[in-house]
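S.K.: Let's see this in three dimensions:
(chains A and B)
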Protein chains: 2
Amino acid sequence: MSKHGSSSGNSSCQRSICPVACTLDIVGDKWTLLLVRDLFMGKVTYSEFQQSPENIPTNLLADRLKRLEHYGMISRSKYQERPVRYNYRLTEKGKALWPVMKEIMHWGNQYIPGTLDAREILQNINTAKVE
Amino acid sequence: MSKHGSSSGNSSCQRSICPVACTLDIVGDKWTLLLVRDLFMGKVTYSEFQQSPENIPTNLLADRLKRLEHYGMISRSKYQERPVRYNYRLTEKGKALWPVMKEIMHWGNQYIPGTLDAREILQNINTAKVE
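M.R.: Purely as a prediction, here's the structure:
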């Protein structure tokens, strides 16, 4: 067993068999879905994630990327040898969070004054990534 | 300023103006959306929330109910005097999370083996509550 659940990564249910609880076991925190947002927006490198306005702390960024990879939601590929650097990209499982993201953006726009219009965000998203 | 943000509760944006970040500032944890799920399923009392299979710790339950009320997502009404007891119900703002919940359930069913079929959960939900 790794820190992030079963080593197979097949089942993530820890608290109950409720799909909401099981999903929150993976993405229920303040940072994971922000990384997913960044990945949808085309960011792929560690330093690109760090440039987002929320200023994710380095240790949390490393942990969340590891978690997302553990659960098969992103894949990692080496793009530089010295020092070793990786690109991160959403897998099908990660991309399948798109409808969740869209509804969260919609709710935020509707109920939290001052949020950036989702339509502006969507313009920055390569639709090829989310189909 | 209260512990849970601005006293007006009008804006919850703390980290950026991104609607995803702002929404996660409110519901980005492992428990808040489980309470929202319970409320959609018709649970209204403290003890009903405690009976859910995830066994929310008492201090977290109290904190999350306070947060949800602070952000105008639930309302509270007294149903007993001695000792004082309250019912909790989703407001329009809380009910508006329904599409988010539905997409989370859908993703969980699709990608986490062993989760309870959302259709079974939906049967227990009074549709009047979510319209």
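
S.K.: Name the spans of chain A whose pLDDT lies under the cut-off.
M.R.: Scanning chain A with the threshold set as pLDDT under 70 gives A:1-12, A:126-131.

S.K.: Swap in 90 and give it another go.
M.R.: Chain A contains residues with pLDDT under 90 at A:1-14, A:118-131.

S.K.: Keeping just the C-alphas, turn stretch A:50-63 into CSV.
M.R.: The C-alpha trace of stretch A:50-63 is given here as CSV (Å, rounded to 0.1, in the frame of the first residue of the first chain):
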residue,chain,number,x,y,z
GLN,A,50,3.6,27.2,-10.3
GLN,A,51,2.8,30.4,-12.3
SER,A,52,-0.9,30.1,-11.7
PRO,A,53,-2.3,32.9,-9.6
GLU,A,54,-3.1,30.7,-6.6
ASN,A,55,0.6,30.1,-5.9
ILE,A,56,0.4,26.4,-5.0
PRO,A,57,3.2,25.6,-2.5
THR,A,58,5.9,23.4,-4.1
ASN,A,59,5.3,20.5,-1.7
LEU,A,60,1.6,20.4,-2.4
LEU,A,61,2.2,20.6,-6.2
ALA,A,62,4.6,17.6,-6.0
ASP,A,63,2.1,15.7,-3.9
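
S.K.: who's in contact with that stretch?
M.R.: With Cβ atoms under 8 Å, 6 or more residues apart in numbering or on different chains as the test, stretch A:50-63 has contacts from A:31, A:34-35, A:38, A:43, A:46, A:49, A:64, B:15-18, B:21. The way it works is simple: take the backbone N, C-alpha and C, and place the C-beta from them, glycine included.

S.K.: which of those residues count as buried?
M.R.: Among these, those scoring as buried are A:31, A:34, A:35, A:38, A:43, A:49, A:64, B:15, B:16, B:18, B:21 (criterion: 16 or more other Cβ atoms under 10 Å in any protein chain shown).

S.K.: How about the helix or strand where the third one lies and chain B, any contact?
M.R.: Element membership of residue A:35, judged by DSSP states H and E, is helix A:32-40. Yes. For a cut-off given as Cβ under 8 Å from any Cβ of the partner chain, helix A:32-40 has contacts with chain B, namely A:33, A:34, A:37.
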